[in-house]
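Chemist: generate a structure from the sequence data that follows.
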Amino acid sequence: MEKEERTQKNTSISNEKEITFNETDRTDIQDPHHDGKVITLYIVNHFVRRILVNGGSSVNIILLDTLKRMNIPKVEIVKRSSVLIGFSGETKHTVNDIKLPIYIEGVNFMQDFCVIDTLSSYNVILGRPWIHDMKVVPSIYHQCVKMPNPWGTVKIIGDNE
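Modeler: Here you go, the predicted model:
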């Protein structure tokens with residue numbers, strides 16, 4: 001997370017209203033790849049790296065450790081425990097819920113997150129609630145996501161790590 005930068009890297013806006021993908025969307029991709037869609041976004045005044053866009057997730061998830069690094073006051077975190085079931089059937093208990101703003105090129109949108117206290121390769125997992133609310137169209141092949149905004153289409157290029 002970087003607090004000093006105020007402009008989003010790896011995003012661009014086009015005046016196109018229709019969301020399409022073509023070979024020009026595949027910038028700096030080394031084939032063959034089987035990478036997931038990992039991006040960086042501006043959440044609560046912080047650039048948060050290692051965000052997995054996962055259409056298989058029925059909830060948005062943020063790690064408790066990520067919230068601590070963002071200095072989110074405990075009063076904003078709602079105590080609520082629920083059970084999440086993973087792909088292989090394993091269960092994980094959430095510790096809290098929180099609503100946080102995500103800023104993307106002129107659009108600030110509040111999202112609900114389940115907070116989990118675990119180790120993970122990702123700081124945040126954005127699932128179907130974010131994808132549907134923001135009308136995001138992810139392309140793992142092109143390693144980018146596109147979404148409409150009032151001025152056209154925003155393209156968020158994936159992190160090549």
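Chemist: can you tell me the average pLDDT over stretch 133-142?
Modeler: Taken as a whole, stretch 133-142 has an average pLDDT of 92.
Chemist: how far does that stretch sit from its chain's centre?
Modeler: Relative to the centre of its chain, stretch 133-142 is centred 11 Å away, using C-alpha atoms, centre = their mean, to the nearest Å.
Chemist: what's the first-to-last distance across that stretch?
Modeler: When the termini of stretch 133-142 are compared using C-alpha to C-alpha, to the nearest Å, they are 22 Å apart.
Chemist: in it, which residues are buried?
Modeler: Neighbour counts using 16 or more other C-beta atoms under 10 Å place 134, 136, 138-139, 142 of stretch 133-142 among the buried residues. C-beta here means a position set from N, CA and C on the backbone, and glycine is covered the same way.
Chemist: what's that stretch in contact with?
Modeler: Outside stretch 133-142, the residues that touch it by C-beta atoms under 8 Å, 6 or more residues apart in numbering are 19, 21, 25-26, 29, 35-37, 53, 55, 104, 107, 109, 111, 130-131, 144-148.
Chemist: could you dump the buried residues of stretch 133-142 to JSON lines with secondary structure and distance to Val75?
Modeler: What follows is the buried residues of stretch 133-142, written out as JSON lines (DSSP: H, G, I helix; E, B strand; the rest coil; distance: C-beta to C-beta, whole Å):
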{"residue": "Met134", "secondary structure": "coil", "distance to Val75": "27"}
{"residue": "Val136", "secondary structure": "coil", "distance to Val75": "30"}
{"residue": "Pro138", "secondary structure": "strand", "distance to Val75": "34"}
{"residue": "Ser139", "secondary structure": "strand", "distance to Val75": "39"}
{"residue": "His142", "secondary structure": "coil", "distance to Val75": "41"}
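Chemist: which pair in those residues spans the largest distance?
Modeler: Greatest spatial distance among these (C-beta to C-beta): Met134 and His142, at 17.6 Å.
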